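>>> Next comes the sequence, and after it the predicted model I'd like to discuss.
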Amino acid sequence: MDGFSSQPISPATRTTAWAIIAFLVLPITIVFAVAVTDRDYLAMPVDEISFQHYANLFTSPEWLHSIWQSFVIAFVSTAIAGLLGTLCAIGCWRISNRLSELVRVFMLLPVMVPTIVYALGIYQFFAELRLLDTYLGLIIAHAVTGLPYVVITVSTSLAGFDGKLERAALGLGASMGQTLRLVILPNIMPGVVSGLIFAFIHSWDELVITLFIAGRAVFTLPRRMWDGINEALDPTMAAVAAVLVVITVALLTLELLLRGRAKK
Amino acid sequence: MATTGTSAAHAQKSPGRLSVNSIMGSEGRYWLLIAPAVLLMLGFYFYPLARVLWMSFTFPSPGLGNYEDLIDNASVHRTLITTARIGVITTGLTLLFAYLISYVLVHAKPKVERIMFLGVLIPLWISALVRGFSWFILLRREGTINDVLISTGIIDTPLDLIWNELGVVIGMVHYMLPLGVLPIYANMRNIDTRCVAAARGLGASRGVAFRKVFLPLSMPGVIGAGILVFIYSLGFYVTPALLGGGKTLMIAEYIQLQIMDLVNWGRGAMLATTLLVTILLLLGVMSRIIDLRGLFGGK
């Protein structure tokens, strides 16, 4: 049987597929090359490799301030999204009727609705609440749009969790809080951590909402980079991009390792 | 007995007693777990969205005045047509590339499959800003590609690769490709390869077995990916704004200009509403064809 299906791909098809993968991955690596340029504009290194732009990034008060602001906002909004998203996913999983399914679908909408539409609404709403250009405003907006990632990953974990364990715990006299903490949470931890990682990356990289609701007092890393690209062509931005790529890849590796361990 | 009685048991702190309300009571408490997330979403997601919808009909004056732009405003027309055209081109190219990658993925040895899939997964999570910026470095007039082509003598004058539709489409396809691979690949993994083997065994050529057996079986994934990518393309801001350079205006950037530069809230809200309704309709179509929850890692 397998004789027919083992070699269904021609070498040309396989080569094309790898070429497309190269098209996906290679362009991103250009930022690493440009980040170590010895010029003061966006170009490949000419005479030598120089770390002056990394040095500039990590000594400039403006960039450091933006990194710090981005980190605080991502950290707090991830914590909120993680807590509320996990509880919501558990509740929906436990109830599991038409209404709770509907709730779950609605929780996923922020992934599908274009950010620009939401940005408009939240800009106008926050102007009224005087939350424009504040930490709190960005944290709320990022937590709300980060929720779906947590709901998705935790729901996936719960789908593989045996509900009988929960009923056994309740049957043995554990309270609902104890059951959550001691039985359900440890079993779905990989899903929760994945959700936290995705929610963190989401906030850390988010630009469109930030363009609308922040810009002076709160100036996140993507926001500073955006202004930088549009105004000056400073290679420091390539160093920023390189750092962003490294952080994302590190977080993703962590996520993949956790998921790999969860499977065993 | 033990399982039905328990929730009532600890609710009343007196083990062993059964109550009719026990099931309802426990469900009520699970709704309490859901409530904080739902309230946050209602207050800070759906309410602001509803305001945009409301404003599109009421600002600056009540009625459908803003929507007349859809019929008779030339710059709105141009933006809508540009958006649709780039959306269609991006979706077409993305589907073609995503299909090829997925096809090779499902037929590869597990180890190769893992490495190749990483090549899809890592770009998926790298921000649109960084990826757009990479293309900006590569494609601009003084960029890497033009530098190399000129220094090797292939061309004399730099090519216009950016600040036009070409640049936007390159950046968009690059952004959308991983999103396109996921549904197609997920669907292909569930195709029983023995069907293809059986067709081959019954005398079909490789091409015929693919066209008549594999391709039809993989269509749900392709349609799902197509709608998903098209939806994302329509509302996309970062890449078109970065690589279009203000000349190739898509709807998201046009909306941003209306609000931030022209303070034309009526038109901005109207276009945002139009975009939202279009996307919800497409999602409705999609949910009839494929299981949305499966796409987002549900059950």
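Looks like it arrived, so ask away. Numbering: from 1, shown residues only, chains lettered A, B, ... in the order given.
>>> buried stuff in stretch A:18-36?
A:20-21, A:23-24, A:27-28, A:30-31, A:33-36 (16 or more other CB atoms under 10 Å in any protein chain shown). C-betas here are computed from N, CA, C, even on glycine.
>>> Show me those residues that map onto helices.
Counted as lying in helices by DSSP state H, out of the buried residues of stretch A:18-36, are A:20-21, A:23-24, A:27-28, A:30-31, A:33-35.
>>> ok so, going back, could you restrict the buried residues of stretch A:18-36 to the ones contacting chain B?
With CB under 8 Å from any CB of the partner chain as the criterion, those include A:20-21, A:23-24, A:27-28, A:30-31, A:34 near chain B.
>>> check whether the strand or helix carrying residue A:255 contacts chain B.
Remark: residue A:255 resides in helix A:236-263, with elements defined by DSSP states H and E. Yes. Residues of helix A:236-263 contacting chain B under CB under 8 Å from any CB: A:237-238, A:241, A:244-245, A:248-249, A:251-252.
>>> Which one of the residues in chain B is closest to chain A?
Distance from chain A to each residue of chain B (CB to the nearest CB) is smallest for residue B:235, at 2.5 Å.
>>> neighbours around the residue nearest to that residue when sequence neighbours are not counted, how many?
Among residues not flanking residue B:235 along the chain, residue A:114 sits closest, at 2.5 Å (CB to CB, 6 or more residues apart in numbering or on different chains). The number of residues packed near residue A:114 is 23, by other CB atoms under 10 Å in any protein chain shown.
>>> List the contacts of residue A:114.
By CB atoms under 8 Å, 6 or more residues apart in numbering or on different chains, the contact list for residue A:114 reads B:234-237, B:252, B:275-276, B:279.
>>> Residue A:54 too?
Per CB under 8 Å, 6+ apart, neighbours of residue A:54: A:35-36, A:239.
>>> Surely residue A:221 and residue A:67 touch.
Yes. Using CB atoms under 8 Å, residue A:221 is in contact with residue A:67, at 5.7 Å.
>>> Looking at the two, which has the bigger crowd around it?
Ranked by neighbour count (other CB under 10 Å), residue A:221 and residue A:67 place residue A:221 first, with 26 against 18.
>>> Quick one: mean pLDDT over stretch B:284-298.
The predicted model assigns stretch B:284-298 a mean pLDDT of 64.
>>> about what we covered before: please tabulate the contacts of residue A:54 in a markdown table, including the columns pLDDT.
Putting the contacts of residue A:54 into a markdown table (pLDDT from 0 to 100) gives the following:
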| residue | pLDDT |
| --- | --- |
| A:35 | 93 |
| A:36 | 93 |
| A:239 | 93 |
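>>> Closest one to chain B out of those residues, please.
residue A:35 (10.3 Å).
>>> looking at it, the closest one is touching residue A:238, isn't it?
Yes. In this structure residue A:35 lies within contact range of residue A:238 using CB under 8 Å: 4.2 Å.
>>> what sits in contact with each of the two?
In contact with both residue A:35 and residue A:238: residue A:53, using CB under 8 Å, 6+ apart.
>>> Regarding the residue in chain A that chain B sits nearest to, what are the backbone dihedral angles?
Ranking the residues of chain A by distance to chain B (CB to the nearest CB) places residue A:114 first, at 2.5 Å. Main-chain torsions, residue A:114, degrees, to the nearest 10: phi -60, psi 140.
>>> quick one: it and residue A:141, what's the gap?
15 Å (CB to CB, to the nearest Å).
>>> And for residue B:195?
Relative to residue A:141, and taking CB to CB, residue B:195 is found at 48 Å.
>>> Then residue A:172?
43 Å.
>>> Same check on residue B:168?
Applying CB to CB to residue B:168 and residue A:141 gives a distance of 27 Å.
>>> With residue B:282 instead?
25 Å.
>>> Tell me which of those two has more neighbours.
residue A:141 (30 against 17).
>>> contacting residues around that one?
Residue A:141 touches A:122, A:126, A:209, A:213, B:44, counting by CB under 8 Å, 6+ apart.
>>> ok, the fourth one - contacts?
Just to be clear, that refers to residue A:213. A:119, A:122-123, A:126, A:131-133, A:137-138, A:141.
>>> ditto for the first one
Contacts for residue A:122 were tallied using CB under 8 Å, 6+ apart; they are A:141, A:209, A:212-213, B:44, B:48.
>>> So residue A:234 sits against residue A:225, correct?
No. Using CB under 8 Å, residue A:234 is not in contact with residue A:225; the gap is 10.2 Å.
>>> neighbour count winner among the two?
Using other CB under 10 Å as the criterion, residue A:234 and residue A:225 rank with residue A:225 on top: 22 against 16.
>>> Quick check: pLDDT value at that one.
You'll see residue A:225 listed with a pLDDT of 91.
>>> how about residue B:262, phi and psi?
Taking degrees, to the nearest 10, you get phi -100, psi -10 for the backbone angles of residue B:262.
>>> how close does it sit to residue A:52?
41 Å.
>>> the more surrounded of those two?
residue A:52 (14 against 10).
>>> Let me know the pLDDT of the closest residue to that one other than its chain neighbours.
With CB to CB, 6+ apart as the measure, residue A:38 is the residue that lies nearest to residue A:52, at 7.8 Å, once sequence neighbours are left out. You'll see residue A:38 listed with a pLDDT of 89.
>>> Measure how buried residue A:38 is and give me the count.
Neighbourhood size, residue A:38 [other CB under 10 Å]: 16.
>>> Show me which residues of the helix or strand harbouring residue B:167 are buried.
Assigned by DSSP H and E, residue B:167 belongs to helix B:165-189. Of all the residues in helix B:165-189, those buried under the rule 16+ other CB under 10 Å are B:165, B:167-188.
>>> out of these, who's near chain A?
Among those, the residues that sit close to chain A (CB under 8 Å from any CB) are B:174, B:177-178.
>>> Any chance of those residues in TSV with pLDDT as columns?
Supplementary listing: those in TSV, determined by pLDDT from 0 to 100:
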residue	pLDDT
B:174	97
B:177	96
B:178	95
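>>> any chance of those residues in CSV, plus distance to residue B:130?
Listed next are these as CSV, based on distance: CB to CB, whole Å:
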residue, distance to residue B:130
B:174, 11
B:177, 16
B:178, 14
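>>> any idea which of those is the one closest to residue B:222?
residue B:177 (14.0 Å; CB to CB).
>>> Worst mean pLDDT across the helices and strands of chain A, which element?
In chain A, the helix or strand scored least confidently by mean pLDDT, DSSP states H and E is helix A:2-5, which has a mean of 42.
>>> Those residues of the stretch 151-264 of chain A touching chain B, which are they?
Within reach of chain B by CB under 8 Å from any CB, the stretch 151-264 of chain A has these residues: A:151-153, A:155-156, A:159, A:167, A:170-171, A:173-176, A:198, A:201, A:205, A:207-208, A:211-212, A:222, A:225-226, A:229, A:237-238, A:241, A:244-245, A:248-249, A:251-252.
>>> Among these, the buried ones, what's the PyMOL command?
Entered in PyMOL, the line below selects the buried ones among those, by 16+ other CB under 10 Å:
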select buried, chain A and resi 151+152+153+155+156+167+170+171+174+176+198+201+205+207+208+211+212+222+225+226+229+237+238+241+244+245+248+251+252
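>>> Tell me which residues of stretch B:143-160 come out buried.
So, applying 16+ other CB under 10 Å, buried residues of stretch B:143-160: B:143-146.
>>> quick one, phi/psi of the most centrally placed residue in chain A?
Note on chain A: the residue nearest the mean C-alpha position is residue A:201, at 2.4 Å, using CA atoms, centre = their mean. Dihedral pair for residue A:201: phi -60, psi -40, per degrees, to the nearest 10.
>>> how close does it sit to residue A:140?
For residue A:201 relative to residue A:140 (CB to CB), the value is 18 Å.
>>> Out of the contacts of residue A:141, list just those in strands.
Using DSSP state E, no member of the contacts of residue A:141 sits in strands.
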